[in-house]
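Trainee: Turn this into a structure:
(chains A, B, C and D)
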Protein chains: 2
Amino acid sequence: MNDSDQSAARTARPKRADAQRNKKALLDAAAAIFVTSGVEAPVRDISAKAGVGTATIYRHFPTRADLIIAVFRHQIEACAEAGPALLTTSATPHAALAQWIDLFVDFLVTKHGLATVLQSDNAGFDALHAYFIDRLLPVCTQLLEAAAAAGEIRPDIEAYELMRGVGNLCIGADSDARYDARRLVGLLIDGLRQPH
Amino acid sequence: MNDSDQSAARTARPKRADAQRNKKALLDAAAAIFVTSGVEAPVRDISAKAGVGTATIYRHFPTRADLIIAVFRHQIEACAEAGPALLTTSATPHAALAQWIDLFVDFLVTKHGLATVLQSDNAGFDALHAYFIDRLLPVCTQLLEAAAAAGEIRPDIEAYELMRGVGNLCIGADSDARYDARRLVGLLIDGLRQPH
DNA sequence: AGCTAAGCGGAACGACGTCCCGATTTCGAC
DNA sequence: GTCGAAATCGGGACGTCGTTCCGCTTAGCT
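Mentor: Next comes the predicted model:
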């Protein structure tokens, strides 16, 4: 409902009303199903809940990644925007980094199965991977560089590697009471500190 | 070839010769396929390579976990036995822990897809999870307790959580040149150090 | 050699992702 | 209002995979 329906309308004919309705129904259905059954729920479940045929889901969201991105876009954007903000409000860059990573972890662990799918080398999820990288990697890089410039952390760690590691640590964090991803991520961020 | 064929022979009739042959063929085929296609390779690929029917694989290995365990049992045992040994040969318990974790990581990252499947909450892999816990958790606990007793690390970390975290960090470590699981695991072990 | 049951192979089934195609609906033009 | 082209739809069809079933084969004992 943001770019494709408005900016595209200037160059091409707008989508038909029923198509827009179906797209929204699919987004709502997917959001609901994702909460109960995780992001890997069968396509048929989602299309059934939305009251449309299975092909309709592919028409609006060619890959499952597109659907997942559409459902979570707002939250990912919020996370991206929180990065620079934290840098100005926190006592030190390392504190800002830690808080931002916390936000990221919170997002991942509350979305059933999202962390799993994010690391999957399944080709169908390439777009999801790419979107996260596009949107969050620059933010993480900025925080990391600020902390490195302040001499708080060792400078030899790449943002990509850190984010991937954090994402990995979040896998299965729901569904296992004995495993607290937040604590391990905290350890990892601690380990980042410059030994001085 | 270890217990089920000998100790079981005392109480029950030994397996037929062709059954033993097929079991070995399946193990060899699985080992080969796991290297090329990962541990999640289709059942049919494995049975085809072994020259047997698909049902035969289920007869010998009721779940995929059983097959994976059988293929890697020797290496897992070796890893388990290395723990106490490292404790006596290393300078400090923390060094022993770090070296042992290194062995564990090496094992995981060189077995295509094993780390992924190890964390999967898929019911079919319960036995694999259980086997790792059974065999390696006590070893890790011993190392962790020795390091904690020496005051080298914070005492509030569970072996289960650590192993799970390390396993998670190893996911997808092959197939991504920009991601070095070893380095992140090293960071995590560093973060474990007691702040003194 | 003959018997018996352990063991076998591959067809069959269900779940799933994906694609195709005839039917339906929308909406601008008149 | 109504009409027709184009957009869109629905659900059935197909391929893949895990798993199970069942009639046949064969090892191993007598």
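
Trainee: Whichever helix in chain A runs longest near DNA strand D at all?
Mentor: Longest helix in chain A, counting residues (DSSP state H): helix A:64-89. No. Figure legend: helix A:64-89 not in contact with DNA strand D (C-beta under 7 Å from any atom of the strand); closest approach 13.9 Å. Backbone N, C-alpha and C define where each C-beta goes, glycine included.

Trainee: Can you tell me what sits against the helix or strand that that helix is followed by?
Mentor: Following helix A:64-89 in sequence order, the next helix or strand is helix A:93-110 (DSSP states H and E). Residues from elsewhere that reach helix A:93-110, judged by C-beta atoms under 8 Å, 6 or more residues apart in numbering or on different chains: A:75-76, A:79, A:82-83, A:86-87, A:89-90, A:114-115, A:118, A:136, A:139-140, A:143-144, A:146-147, A:149-150, A:152-153, A:163, A:166-167, A:169-170, A:173-174, A:181-182, A:185-186, A:189, A:192-193.

Trainee: repeat that with 6 Å
Mentor: The contact list for helix A:93-110 (C-beta atoms under 6 Å, 6 or more residues apart in numbering or on different chains) reads A:75, A:79, A:82-83, A:86-87, A:90, A:114-115, A:143, A:146-147, A:150, A:152, A:170, A:173-174, A:181-182, A:185, A:189.

Trainee: shaky segments in chain A?
Mentor: A:1-12, A:195-196 (pLDDT under 70).

Trainee: near DNA strand D, which residues of it?
Mentor: Contact residues (C-beta under 7 Å from any atom of the strand) of chain A with DNA strand D: A:13, A:15-16, A:18-19, A:22, A:51-56, A:59-60.

Trainee: out of these, which are buried?
Mentor: By neighbour count, with 16 or more other C-beta atoms under 10 Å in any protein chain shown, these hold A:15, A:22, A:52, A:56, A:60 as buried.

Trainee: Which two of these have the greatest separation?
Mentor: Greatest spatial distance among those (C-beta to C-beta): A:15 and A:52, at 14.7 Å.

Trainee: Determine the angle, from 0 to 180 degrees, between the longest helix of chain A and helix A:93-110.
Mentor: Angle of helix A:64-89 versus helix A:93-110, following axes from the mean of the first three to the mean of the last three C-alpha atoms, to 10 degrees, is 150 degrees.

Trainee: per-domain residue ranges of chain A.
Mentor: Split into domains by automatic domain parsing, chain A comes to A:1-62, A:63-196.

Trainee: restrict the residues of chain A next to DNA strand D to contacts with DNA strand C.
Mentor: Within the residues of chain A next to DNA strand D, those near DNA strand C by C-beta under 7 Å from any atom of the strand are A:16, A:18, A:54-55.

Trainee: Quickly note the distance from residue A:143 to chain B.
Mentor: Residue A:143 sits 16 Å away from chain B, going by C-beta to the nearest C-beta, to the nearest Å.
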